[in-house]
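Trainee: Build me a model from this:
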Amino acid sequence: MMHTDAGHKNVLGFWIYLMTDLLMFAVLFATYAVLRTSTFGGPTENELFSLPFVLIETMILLTSSFTVGVAILNVDREKNAIRHVATWLIITFVLGVSFLAMELDEFGKLIADGHNWQSSAFLSSFFSLVGTHGLHIASGLLWILIMLVKMWQRGEINHNTARQITLLSLFWHFLDVVWIFIFSFVYLMGVGL
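Mentor: Below is the predicted model:
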C-alpha cells in the first residue's frame with residue numbers, strides 16, 4: 001500500500017511541475033506578445049521566419065508525439081514489451097533530435113545574419129520563448145535515454161518503470177502542445193497567416 005501511495009504522490013508532484021511549467025510558458029508568451037513589435041528598427045517576424053522550414057519542424061515534433069504514444073501502448077504487452085517500447089522510444093528520440101537540430105539551425109542562421117537576442121526586444125523574447133522550449137526538448141531527450149538504459153539494465157518493464165515512461169509521455173505531449181502554440185502564435189501570426 002505504501003508503494004502505491006508513493007507512486008500517486010510522484011504523479012501528483014509531476015502534474016504540479018507541469019502546471020508550473022505551463023505558467024512559465026504563459027509568462028514567456030505574454031512577454032513575446034508585448035515585445036513582438038519592438039524591433040528597434042531591425043527586421044520583423046515576417047522578414048525573419050521561414051514558414052516551410054518551421055512546418056517541417058512541426059510535423060517532425062507532432063510525429064514524435066505519435067511515436068511516444070505508441071511506446072506507451074506497448075508498455076503493458078506481455079511479450080517483447082521492452083523491444084517494442086524501446087523501438088518506439090528510439091524513434092521518438094531520433095525525431096526529437098531532428099527537431100532540436102532544426103531549431104538550433106534556425107538560431108544559428110539568425111545569429112550568423114546578425115539577429116541575436118541582443119538585437120531587439122522582439123528577438124530577445126523570441127529566443128527566450130523558443131529557446132526555453134528547446135531546452136525542454138533536450139531534457140526530454142535525456143529522459144528518453146535514461147529510460148532506455150533502465151529498461152535494458154533491468155531486463156523488464158516493472159510498475160515503476162511503466163509509471164516513469166508514462167510521465168515521460170505526458171511531458172513529451174506537453175511540449176508538443178506548447179510547440180503548437182509557438183507555431184501558431186509566433187510563426188503563423190508572424191508571417192501574417
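
Trainee: how about the helices of the protein, start to end?
Mentor: For the chain, the helices identified by DSSP state H occupy 2-35, 45-48, 51-73, 81-112, 121-154, 159-182, 189-190, in order along the chain.

Trainee: Just send these back as JSON lines, with mean pLDDT and mean neighbour count too.
Mentor: Quick note: C-beta positions are derived from backbone N, CA and C, even for glycine. Formatted as JSON lines, the entries for these read as follows, by pLDDT from 0 to 100; neighbours: other C-beta atoms under 10 Å:
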{"stretch": "helix 2-35", "mean pLDDT": "86", "mean neighbour count": "13"}
{"stretch": "helix 45-48", "mean pLDDT": "89", "mean neighbour count": "15"}
{"stretch": "helix 51-73", "mean pLDDT": "96", "mean neighbour count": "18"}
{"stretch": "helix 81-112", "mean pLDDT": "96", "mean neighbour count": "17"}
{"stretch": "helix 121-154", "mean pLDDT": "96", "mean neighbour count": "17"}
{"stretch": "helix 159-182", "mean pLDDT": "95", "mean neighbour count": "18"}
{"stretch": "helix 189-190", "mean pLDDT": "87", "mean neighbour count": "17"}
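
Trainee: which ones are touching the spatially closest residue to Trp88 that is not a sequence neighbour?
Mentor: Nearest residue to Trp88, sequence neighbours excluded (C-beta to C-beta, 6 or more residues apart in numbering): Ala71, at 3.6 Å. Listed by C-beta atoms under 8 Å, 6 or more residues apart in numbering, the contact partners of Ala71 are 84-85, 88-89, 92, 165, 169.

Trainee: repeat that with 6 Å
Mentor: Contacts were defined as C-beta atoms under 6 Å, 6 or more residues apart in numbering; by that measure Ala71 touches 85, 88-89.

Trainee: now Ile157
Mentor: Under the criterion of C-beta under 6 Å, 6+ apart, the neighbours of Ile157 are 75, 81.

Trainee: how close does it get to Phe185?
Mentor: Between Ile157 and Phe185 the computed distance is 38 Å (C-beta to C-beta, to the nearest Å).

Trainee: Next: Asn116.
Mentor: Distance from Asn116 to Phe185, by C-beta to C-beta: 22 Å.

Trainee: go on, Phe122?
Mentor: When Phe122 is compared with Phe185 (using C-beta to C-beta), they lie 13 Å apart.

Trainee: intersection of neighbour lists for those two?
Mentor: Residues touching both Phe122 and Phe185 by C-beta under 6 Å, 6+ apart: none at all.

Trainee: leaving aside the residues next to it on the chain, what's closest to Leu129?
Mentor: Leu28 (4.4 Å).

Trainee: Do I have it right that Glu57 meets Leu104?
Mentor: No - under the criterion of C-beta atoms under 6 Å, Glu57 is not in contact with Leu104, lying 10.9 Å apart.
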